[in-house]
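K.L.:
sequence plus the predicted model coming up.
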Amino acid sequence: MKILSSAQLREADTFTISHENLAPGALMERAAQAFTNWFINHCGREKEVAIFCGPGNNGGDGLAVARLLSEHNYLVRTFIPETDSVFSEEFKLNLKRLPARIPVVRFNHTAPLEDRHLSKTRIIDALFGTGLNRPLTGLYAETIRFLNNLHAEIISIDLPSGLFADSATPEDAAVIKASQTITFASPKLALLLPQNQVYSQQMHSVLIGLNIGFIENLRSPFYYVDSVSARSRWKPRPRFGHKGTFGHSLLLVGSYGKIGAAILSTRACLRSGSGLVSVSLPRAGYQIMQTAAPEAMVLADPSEKIITELPPELEKYAVVGLGPGIGQAAETKKMLGNLLEKVKVPLVLDADALNLLAADKSLLPKLPPETILTPHPKEFERLTQPFTDDFERLKRLREFCQQYRCYVVLKGANTCIGTPSGNHFFNSTGNPGMATGGSGDVLTGIITALRAQGYPAEDACILGVYIHGLAGDFAKNEKGETALIASDIIENLGKAFKTLEETA
Ligand SMILES: NC(=O)C1=CN([C@@H]2O[C@H](COP(=O)(O)OP(=O)(O)OC[C@H]3O[C@@H](n4cnc5c(N)ncnc54)[C@H](OP(=O)(O)O)[C@@H]3O)[C@@H](O)[C@H]2O)[C@@H](O)CC1
Ligand SMILES: [K+]
């Protein structure tokens, strides 16, 4: 799904209205209906609903939602800050349509908002959406601070008010802290960036019937990977396939004390469909690996504790995955340099392989084209340089991928995949329970396996990250977020792949 900017969404709104010859307010009605449907499915009637409406079309949505929720027997009140703002036409239209039974509370500096019951209500934030064009001040900023201080449940329409959709919001700006944002037509870029998580704990995107053909022709470097886009990249296994068809992965993983990382990536690679898996690891891990992953073939490095050498016949493998648990010893770095000189097959680099690259950036230009790197934000910062905000980080990601013709899987909530073409793909699956040791090792195993099966680098990254998150979500259903460990993700890979297989 394409991620559109505020300006593009406005264009799509305008086109849809004129192309479908929609009556004034008709598109807003669809948006309000989509929000209301979500609300009815998720929020009971036990609490009163207080809807705060700003002067523009976001406020218009709020008024339409008030009417629709009231029709569904919710107890609703609306609140309108009185300033010198000019109300939009559709705001006025929906104010006129508001049934008399719904109270309208107008407030300003002389008649301030002093409602003690508000903290017990469910608040819908319809103050500002994609039309915000400067930080909020005065009564609007005060209202937002007042609402945040209530610590009530806040559900934002389209965007948390005060948050800029496509650029960095100043740190001290007044922005609603929503528990949920129901966003229209396309997830907004700002909602996918870690720095804004404090403003919206969760985001849900709903369709409002904008013209599909028009959106297809809009250009955007940002995409959101939902179940539909993940499935479109999925390839069923051919009926007459054999283990040679699905590729032979080589993993260079582990060091003394970190053989666990090697086991996790190996088991994930096996569970993700690689036809054969060979693992090269320090001698200390040989027996452990044979026992923990009997399906894998094991090659022992001459060194007891670290990886020092490349196994022979690199060309017989479909892909090489390197990094989990390898440490940063000088001999291991030498092996990495050797690998970059010799390897002719796709590479997946993670963890200490990335730290070794960061410590000697002269290795970066030697990365074979289409190498996949899977850093977490700190590792990526070491590979590039510190960033002031997430928008700058996205810019760096694009530049890095283009400069080194590589794919970077920047891990985190809504993991972002950068590609040499300049596109970015944000993932939709996963949960905070997955922020646990070994989770990244599992991802390396999955992506390596997909590469072994012939998936192009872009598909391997996108599907790998999606499947990893989906398995993590299944694991969360079983274990909850707190107790979730990386092995639980591996245990649920079967279920995650099955979901794709059955619905593709
Ligand atoms: N278009 C459609 O058909 C559909 C649109 N939809 C909905 O509309 C939303 C976008 O609506 P919108 O464009 O009216 O923008 P919105 O966010 O309500 O604010 C604009 C108002 O705020 C003002 N303003 C801006 N910044 C300000 C500030 N810092 N401090 C004070 N004022 C400020 C600005 O006036 P200005 O002062 O700049 O002249 C203007 O009055 C979108 O998020 C979605 O919810 C859906 O219903 C689908 C159909
Ligand atoms: K809003």
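P.N.:
Perfect, I can see it now. Ligands and ions are numbered 1, 2, ... in the order given.
K.L.:
is it fair to say residue 135 lies in a helix?
P.N.:
No - using DSSP: H, G, I helix; E, B strand; the rest coil, the assignment for residue 135 is coil, not a helix.
K.L.:
name the nearest residue to it, sequence neighbours excluded.
P.N.:
Of all residues not flanking residue 135 in the chain, residue 173 sits nearest, at 4.6 Å (Cβ to Cβ, 6 or more residues apart in numbering). In this view, the C-beta of every residue, glycine as well, is placed from N, C-alpha and C.
K.L.:
I figured that neighbour hits residue 162, correct?
P.N.:
Yes - with contacts counted by Cβ atoms under 8 Å, residue 173 reaches residue 162, the gap being 5.8 Å.
K.L.:
which positions in the longest helix along the chain come out as buried?
P.N.:
Counting residues, the longest helix found in the chain (DSSP state H) is helix 457-479. By 16 or more other Cβ atoms under 10 Å, the buried positions in helix 457-479 come out as 457-476.
K.L.:
then stretch 140-156?
P.N.:
Along stretch 140-156, these residues count as buried under the neighbour rule (16+ other Cβ under 10 Å): 140, 142-144, 146-148, 150, 152, 154-156.
K.L.:
again, but for stretch 326-342
P.N.:
326-329, 332-333, 335-336, 339-340.
K.L.:
same question, stretch 103-113
P.N.:
Under 16+ other Cβ under 10 Å, the buried positions of stretch 103-113 are 107, 113.
K.L.:
just give me how far that stretch sits from the chain centre.
P.N.:
Distance of stretch 103-113 from the chain centroid (Cα atoms, centre = their mean, to the nearest Å) equals 39 Å.
K.L.:
coming back round to it: just the ones in strands from the buried residues of stretch 140-156, please.
P.N.:
Within the buried residues of stretch 140-156, membership in strands is found for 154-156, as judged by DSSP state E.
K.L.:
okay, those residues in JSON lines with distance to residue 15 next?
P.N.:
Formatted as JSON lines, those follow (distance: Cβ to Cβ, whole Å):
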{"residue": "154", "distance to residue 15": "32"}
{"residue": "155", "distance to residue 15": "28"}
{"residue": "156", "distance to residue 15": "25"}
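K.L.:
list just the nearest of the residues you listed to residue 1.
P.N.:
Lowest distance from residue 1 to those (Cβ to Cβ) belongs to residue 156, with 19.7 Å.
K.L.:
doesn't residue 180 make contact with that closest one?
P.N.:
Yes - counting by Cβ under 8 Å, residue 156 touches residue 180, with 7.1 Å between them.
K.L.:
pull up the overlap in contacts between these two.
P.N.:
Contact criterion Cβ atoms under 8 Å, 6 or more residues apart in numbering; residues shared by residue 156 and residue 180: residue 200.
K.L.:
picking up where we left off before, ok, and which of the buried residues of helix 457-479 reach ligand 2?
P.N.:
Here nothing survives when those are matched to ligand 2 using Cβ under 5 Å from the ion.
K.L.:
nearest to ligand 2: which residue in the stretch 201-350 of the chain?
P.N.:
Using Cβ to the ion, residue 203 is the residue of the stretch 201-350 of the chain that sits closest to ligand 2, at 12.5 Å.
K.L.:
look up phi and psi at that residue.
P.N.:
phi -130, psi 140 (degrees, to the nearest 10).
K.L.:
since we're on it, how many residues are nearby?
P.N.:
Per other Cβ atoms under 10 Å, the neighbour tally for residue 203 reads 23.
K.L.:
one step back: the residue nearest to residue 135 sits in which helix or strand?
P.N.:
Taking DSSP states H and E as the definition, residue 173 sits outside all helices and strands.
K.L.:
so which residue is dead centre in this structure?
P.N.:
Geometric centre of the chain, nearest residue: residue 414, 1.7 Å, by Cα atoms, centre = their mean.
K.L.:
return the residues in contact with it.
P.N.:
192-194, 426-428, 430.
K.L.:
residue 152 now?
P.N.:
118-123 are the contacts of residue 152 under Cβ under 8 Å, 6+ apart.
K.L.:
with just CA atoms, put stretch 369-382 into CSV.
P.N.:
Extracted C-alpha coordinates of stretch 369-382, given in CSV (Å, rounded to 0.1, in the frame of the first residue of the first chain):
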residue,chain,number,x,y,z
PRO,A,369,25.5,-5.6,-5.2
GLU,A,370,22.2,-6.5,-3.6
THR,A,371,23.8,-7.4,-0.3
ILE,A,372,21.2,-7.3,2.5
LEU,A,373,22.1,-5.6,5.8
THR,A,374,19.9,-5.9,8.8
PRO,A,375,21.0,-3.3,11.4
HIS,A,376,19.0,-2.0,14.4
PRO,A,377,19.1,1.8,14.6
LYS,A,378,22.3,2.0,16.6
GLU,A,379,24.2,-0.3,14.2
PHE,A,380,22.9,1.8,11.3
GLU,A,381,24.1,5.0,13.0
ARG,A,382,27.5,3.4,13.4
